[in-house]
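> turn this into a model:
(chains A, B, C and D)
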Number of protein chains: 2
Amino acid sequence: MTDADEDRADALFHALADRTRRDIMRRVLAGEHSVSALAAKYDMSFAAVQKHVAVLERAGLLTKRRNGREQLASGDVAAVRSVRSMLTELEQLWRGRIARIDELLALDPTTRPDQED
Amino acid sequence: MTDADEDRADALFHALADRTRRDIMRRVLAGEHSVSALAAKYDMSFAAVQKHVAVLERAGLLTKRRNGREQLASGDVAAVRSVRSMLTELEQLWRGRIARIDELLALDPTTRPDQED
DNA sequence: TTGACATACAACCGATCGGTTGTATGTTTG
DNA sequence: CAAACATACAACCGATCGGTTGTATGTCAA
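Predicted coordinates:
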C-alpha cells in the first residue's frame, strides 16, 4: 500500500520537475490540446514533446482522448490536487512540531527562547 | 526573473521526487535532527544520506545550524508552502477553463458537447 | 595530545534522463 | 489508391542521478 503510494509520489514529483512538462500542464489544464499543437510551442523535436506528454500521462497528470487522427490531451486537476495534499500533510508535521513547543512553554513558564545551557 | 523561478521550481520538485528525501523532510519538519541521526534511519551509507540532505538544502527545503560537532537540520515550511502555491496556481488555470465553458453555455443555450464545426 | 566522532567532498559506477533521428502505423483527404 | 498528417516507439548519446568507497577536516573527551 504505502510502497505503491511512494511510487506514485515519485512519478508525480518527477513529472513536475521539468519546466517543459510544467508548461504543458498549464496548457492542458486550461484546455484540450493535441500533441502536435503542444509540440509546435516548443523548440524541440515532436518526439521529445511526445515523450514529455507520455511522462505526464504515466504519472496520471493528464489523459488523452482520440479525436480522428489527433490525440487530445487534457490536464487532470485531481492529480494536481493529490500532490498539493501531500504537501499539506508535510506542513501538518511542522504544525505538530510548533504545537509541541507551545506545549512545553505552557508547562514551564520560566522558559525563554534565549535561555540556553 | 521567470527563468530563475523555473530553476527554483526544478530544484524543489526534483528534491521532492525521491522517497528518501521526502522521508527526511517529514523528520526535519517535525523537529531538528543531526545528519548522523538521519543517516542512522536508512539502509544506505552516511555519505548517501548526507548528499540527500545537501540536495534538500540547495533547494531551500531545509536549513542547517551548527551545534558543536553536529549539524542540525530543520525543515523550512515556507519552502513547502511555496511548492504548494505553485500547484494552486495550476489548479487556478483549470478553474479558468471551467469558467470559460460555463460562460459559453450561458451565452448560447443551444450549445451541446457534440456540436462541431 | 591523541583518538573517536560528525561532517564534507572527490572520484567512480551503473541506471535513468532528456534530447535526437529514423521508422512504423493509422487517419484523413484529394 | 496515394500522399500528407498525427502519433508512437525504438535506438542511440551525453549528462545527470543515486549510490558506493576513500580521504580530509574539524570538534569533543580522556
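> residue A:61 touches residue A:14, doesn't it?
No - assessed by CB atoms under 8 Å, residue A:61 is found out of contact with residue A:14, at 10.8 Å. (C-beta placed from N, C-alpha, C; glycine too.)
> give me the more crowded residue out of those two.
Set residue A:61 next to residue A:14 and count neighbours by other CB atoms under 10 Å in any protein chain shown: residue A:61 wins out with 29 against 18.
> would you mind measuring from the nearest residue to the more buried one once chain neighbours are set aside to DNA strand D?
Excluding its sequence neighbours, the residue lying closest to residue A:61 (CB to CB, 6 or more residues apart in numbering or on different chains) is residue A:79, at 4.8 Å. Per CB to the nearest atom of the strand, to the nearest Å, residue A:79 is found 18 Å from DNA strand D.
> so what pLDDT did residue A:79 get?
pLDDT recorded at residue A:79 is 98.
> can you give me the buried ones in the helix or strand it falls within?
Assessed by DSSP states H and E, residue A:79 sits inside helix A:77-107. Neighbour counts over helix A:77-107 (16 or more other CB atoms under 10 Å in any protein chain shown) mark A:77, A:79-80, A:82-84, A:86-87, A:90-91, A:93-94, A:97 as buried.
> all helices of chain A, in order?
In chain A, the segments counted as helices under DSSP state H are A:2-16, A:19-30, A:35-39, A:46-58, A:77-107.
> quick check, the third one touching DNA strand D?
Yes - Helix A:35-39 lies within reach of DNA strand D by CB under 7 Å from any atom of the strand, at A:35-37, A:39.
> how about that helix as PDB, C-alpha atoms only?
Only the C-alpha atoms of helix A:35-39 are listed here, as PDB (Å, rounded to 0.1, in the frame of the first residue of the first chain):
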ATOM      1  CA  VAL A  35       0.200  16.500 -29.100                       C
ATOM      2  CA  SER A  36       1.100  18.300 -32.400                       C
ATOM      3  CA  ALA A  37      -0.400  21.600 -31.100                       C
ATOM      4  CA  LEU A  38       1.700  21.300 -28.000                       C
ATOM      5  CA  ALA A  39       4.900  20.300 -29.900                       C
END
